[in-house]
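1. From the sequence below, what's the structure:
(one chain, ligands or ions: 1)
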Amino acid sequence: MKRRLYLILLFAAVTLSGMAQNVGEAFYIYRNDGEFNAFFRDEVQSIDYSYEDADGNTYDEIVTQIVTTADSVYRIPIAAIDSLSFVQPETVFQSNVIQMEQKGLSAYLQAIDGMALLFDTSIPQSLQPKVGDILLSTDFGSSLLPDGFVGKVVSTQIQAGTFRVECEMVSDIFAIFEQLVSIEQIRDRNNSAPGLHRISDEWISNRNPINFYNLGYSHPLSDGQASLSSSIDGSYIATVAYNITRKEQHITLRFNHDWQYGAHLNFKSDAGFGTFKGPVVSLPAIRFPAVAPVFKFQVSGVPFAKGEGNMELDFSLNSPVHSYLTEVAYHNGHFSGGTNELPVQGANNPSIDAAFSLNGSLQIGYMVDFWLGIDIFGSLFKLGTGLDFYIGPKLTGDFSMKLGTGSPVNYYSTYKDSKLGLSLVTIDYEFFGEAALAGHTTPRGMFCDGTIQTPLYHEWYILPEFSELSVEKDADNKKATISTTPTRDILVPLNVGMGLYDKDGNHLNSTNYETQKYKRENEGYRISQTFISLETNKDYTAKPMIKILDGEVPALPEETFKLEGESTCPDANHPHMIDLGLPSGTKWACCNVGASAPEGYGNYYTWGETQPKSVYNWDTYQYGSSGDNVVNIGSDIAGTQYDAATANWGVPWRMPSKAQIQELLNNCSSTWTTQNGVNGRKFTGPNGGTIFLPAAGSRWGDELGSLGSWGDYWSSTLNEGNPNYAYGLGFDSDGAYCYDYGRNYGHSVRPVR
Ligand SMILES: [Zn+2]
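-> Residues are numbered from 1 along each chain as shown. Take a look at the predicted model:
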């Protein structure tokens, strides 16, 4: 343990306080647990120690070394650290390896014939390859061996004026290297980060931030026209660490990459256009190690566009920047790794402009492939990993903007859920690898796959949805205020308002539309409209309205309401109009004509007279001198000059008809009761509303009879079969009935309206 602690202290001292002159810019951690770490000194932000292990257990001594870099945190168990090195290990080739360029062989190379190399016969004896030599060419720009070469010499001969060297494929990387330990980093030249790390040799990416691909695509369709253009831009930093010896084969790749996509689509089609795939585009390969670049890392992509359904659209997108860290590790035949999205610094907003009619989906994007492996002269070795990204915005839609010819309500129901969905970037990835290194073959396998979810999904509907309508009723002033809040984001701003319908579906009130159109929810938009001159106790239906072109479309939800009158006296300012909830909508007054309170007896009137008097008989009756000689003043005097209610209280008060009295008897329960010391019957309507009719008795001659035990109330209806009689309401403690009475009696009048 002392040795390890010493290592840690040395580690910290050297990396944090600066390097001695003889120490390289990188350091290496050799481990006994199958891992290998290598860092550039200036990429390390901090080095800490912890008493906790990876599982969270705490110990009395330091057990974990924590190395933090800009994009990762490495927790290295102290016990796993075999040794540390701050010196760039020498790359050791096998003794029989001949590097053709360095040794000068390339100058004599004349031609290639499969695995045979043909040299000029003037090649000096000292340079002539011998059987068993390994020839290695890494001059990838050369015309003869653009992909490099590695081969083991099996025979040599002079033939047809050339020195022919027959080779066989090399199947073991250790035929080339005895030891290969290094860390290298390749980044864009324009990247503002500190300079390129390359342990030896000079190598600089000659690409600026990648303009990876511009797709210009115009495609005539049998029934439409498509024009697509898009671009993908990005930048990357690749860091590769490797530790390849007979004992350990370890390669770690970290690839920081960020991407931005732009697309412009102008498209009209009735049938979609299937899938279009552009040509494969590869970035120049990164080859490493610098000393003998046999490994290759390459990014390539295929642009694709796919459309189906009917659509007409004009769409522009510039996505935000997406940044990822892809890590691939190979150790003795096993792969591990994955991809994570990294946070992006600063404002990172997409821009979109769109106009659509879409019924189907349209996706445009790139399939991006990462490949890490050994690739010299036709993939002599196999060590490959692939990471395929399917990247791009995807539009899905299901609507058309055609106005229906059917019923407007059906129009709303049919189209209200039509929407457009836009996922700015969907990234599906598949991560796989295969390897044959040092004789160990790993069959190709999928490590992981999945979808990187981006929060950039949004939906637009063509029609808004509305919250439950709120109805604020004002029966006294015969008005109602209806309010609702539109929800959903909609594609095209629309005028929205409120409409009023009667029971039969007739549109009653014109709708007020605001000048400002509704487009987005959560902007405090609220529709509120007051309808006036309504009638009480009548069904009305309010509906949100949407103005589309010159038409109005009623929407949902609708709300049916009724202005109900008072069901009891609200105050002492009698008379009041009481709503008993009667089917005809008839409202009864709370008190009698001549009374100032519900229990007041009020005045007594003969049928047709509008003033009370002191003596009630045929002599004093204005409309007849006897039962056989009555004046015809109409079979129903309601609302006429003979109506005591109208005459005393004014229009629209009137005497109840016989039918209205029967409606009262049929629809209300009544009980004999005492109110403020006055006997009478209380009638309770279907809605719970009540009126009290005092047992006011009746007048005949100059007498007032049955006071407190009987109530007699006129109707406006004549008994036409016996015209000296008219109908009325009579009640006592046993019940209430419809009677007819002699017209010259003095009875109470309880108005209705
Ligand atoms: Zn009242």
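2. distance of the closest residue in space to residue 123 that isn't next to it in sequence from residue 505?
-> Nearest non-adjacent residue to residue 123, counting by C-beta to C-beta, 6 or more residues apart in numbering: residue 108, 4.2 Å away. To be clear about C-beta, it is placed using only N, CA and C from the backbone, and glycine gets the same treatment. As for residue 108, its distance to residue 505 is 99 Å (criterion: C-beta to C-beta, to the nearest Å).
3. And residue 130, which helix or strand is it part of?
-> Assigned by DSSP states H and E, residue 130 belongs to no helix or strand.
4. now whichever residue of the stretch 651-753 of the chain sits closest to the ion: how far from residue 740?
-> For the stretch 651-753 of the chain and the ion, the shortest gap (C-beta to the ion) falls at residue 691, measuring 9.0 Å. Plainly put, residue 691 is 22 Å away from residue 740 if you go by C-beta to C-beta.
5. ok, back up a step: quick one, grab the pLDDT at the residue of the stretch 651-753 of the chain closest to the ion.
-> Note on residue 691: pLDDT of 95.
6. and if you look at residue 638?
-> For residue 638, pLDDT reads 96.
7. ok, the nearest residue to it once chain neighbours are set aside - contacts?
-> By the measure of C-beta to C-beta, 6+ apart, the closest residue to residue 638 outside its immediate chain neighbours is residue 716, 3.6 Å from it. Counting by C-beta atoms under 8 Å, 6 or more residues apart in numbering, residue 716 touches 636-639, 643, 654-658.
8. cutoff 10 Å now
-> 607-608, 634-640, 642-646, 654-661, 726-728, 749, 752 (C-beta atoms under 10 Å, 6 or more residues apart in numbering).
9. Residue 463 now?
-> 399, 411-412, 414-419, 486, 488, 490-492, 494, 496, 546, 548, 553, 555.
10. filter the residues you listed to the buried ones?
-> 399, 411-412, 415-416, 418-419, 486, 488, 490-491, 494, 496, 546, 548, 553, 555 (16 or more other C-beta atoms under 10 Å).
11. Residue 691 and residue 740: who's more crowded?
-> Remark: of residue 691 and residue 740, residue 691 carries more neighbours, 26 against 18, as counted by other C-beta atoms under 10 Å.
12. The more buried one - that's part of a helix, no?
-> No: assigned with DSSP: H, G, I helix; E, B strand; the rest coil, residue 691 falls outside any helix and is strand.
13. is it in a bridge, and if so with what?
-> residue 683 (DSSP bridges).
14. Look up how far residue 254 lies from residue 560.
-> Distance, residue 560 to residue 254, by C-beta to C-beta: 66 Å.
15. These two - which one has more neighbours?
-> residue 254 (20 against 13).
16. List the contacts of that one.
-> So residue 254 contacts 43, 69, 71-72, 185, 237-241, 325-329, 337 (C-beta under 10 Å, 6+ apart).
17. Got phi/psi on it?
-> Per-residue torsions, residue 254: phi -120, psi 130 (degrees, to the nearest 10).
18. go on, residue 469?
-> According to degrees, to the nearest 10, residue 469 has phi -80, psi 140.
19. next one: phi and psi at residue 644?
-> Backbone torsions for residue 644, taken as degrees, to the nearest 10, come to phi -60, psi -30.
20. My guess is it contacts residue 613. True?
-> No: taking contacts as C-beta atoms under 10 Å, residue 644 lies outside contact range of residue 613: 12.0 Å.
21. okay, the two: which has more neighbours?
-> residue 644 (29 against 16).
22. if we can go back for a sec, buried ones among the contacts of residue 254?
-> 43, 71, 185, 237-241, 325-329, 337.
23. all strands for the stretch 51-200 of the chain, in order.
-> In the stretch 51-200 of the chain, the strands defined using DSSP state E, counting those that start in this stretch lie at 64-69, 73-77, 81-85, 92-93, 97-99, 109-113, 116-120, 134-137, 149-159, 162-168, 177-187.
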